[in-house]
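Q: Fold the following and give me the result.
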Amino acid sequence: MNQNAGTILIADDEHHIRCVLGDRLRKQGFVVIEAGDGEEALTLARQHSPLAIVSDVQMPRMTGLEFAQSAKSDSTLATTPFILLTARSYLAAPDQIAATNIHAILAKPFSAREVVDKVMELLNRGQGMRQAA
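A: The predicted model follows:
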């Protein structure tokens, strides 16, 4: 990735998770913005139009699932891919997931490399789809 790779939003109420993931994504050339809760994440996503969003499920003020649903209904974020991080084995009903742009769900504990690899996979898949169109 080059230094103009674009912006990734990390939304998690655990500071150390944001730091670790942010450091790894920055090393890939991304600009990283961080939010500590779902409402802040939605505001930042609307302001910065990130290429992808990595969000925890359990956050204060708005859950990751609620954030993903709100983003899907926002015209500027409707196609932004989400990676959801969860410590719970049961997340949501399939119809709730279908109403979002959640492309991957990773269970905690996860490795930062796993998250970065999934971001890269989603972005490469999206780029391939745009080139084919």
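
Q: alpha carbons only for contacts and neighbour counts from here, please
A: Will do.

Q: that's a helix at Gln96, yeah?
A: Yes: membership of Gln96 in a helix is supported by DSSP: H, G, I helix; E, B strand; the rest coil.

Q: Which residue ranges of this structure form helices?
A: 15-27, 38-48, 64-72, 94-98, 112-132 (DSSP state H).

Q: Mean neighbour count, the ones you listed: which tops it?
A: helix 64-72 (a mean of 23; mean count of other C-alpha atoms under 10 Å).

Q: Mind checking the pLDDT average for that one?
A: Helix 64-72 shows a mean pLDDT of 93 in the predicted model.

Q: That one - contacts with which helices or strands?
A: Counting contacts by 3 or more C-alpha pairs under 8 Å, 6 or more residues apart in numbering; DSSP states H and E, helix 64-72 packs against helix 38-48.

Q: Just send the helices of the chain back as JSON lines, with distance to Ala5 too.
A: Listed next are those as JSON lines, based on distance: least, C-alpha to C-alpha, whole Å:
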{"stretch": "helix 15-27", "distance to Ala5": "10"}
{"stretch": "helix 38-48", "distance to Ala5": "14"}
{"stretch": "helix 64-72", "distance to Ala5": "22"}
{"stretch": "helix 94-98", "distance to Ala5": "28"}
{"stretch": "helix 112-132", "distance to Ala5": "10"}
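
Q: Indicate which one of those is closest to Ala104.
A: The closest of the helices of the chain to Ala104 is helix 112-132. By C-alpha to C-alpha, the value is 7.8 Å.

Q: list the buried ones in stretch 70-83?
A: Using 16 or more other C-alpha atoms under 10 Å as the test for burial, stretch 70-83 gives 70-72, 77, 79-83.

Q: show me where pLDDT drops low in this protein?
A: 1-4, 88-92, 126-133 (pLDDT under 70).

Q: give me the number of residues near Ala93?
A: In terms of burial, Ala93 registers 8 neighbours under the definition other C-alpha atoms under 10 Å.

Q: how about it, what does it touch?
A: Applying C-alpha atoms under 8 Å, 6 or more residues apart in numbering to Ala93 gives no contacts.

Q: do you know how far it is from Glu121?
A: 25 Å (C-alpha to C-alpha, to the nearest Å).
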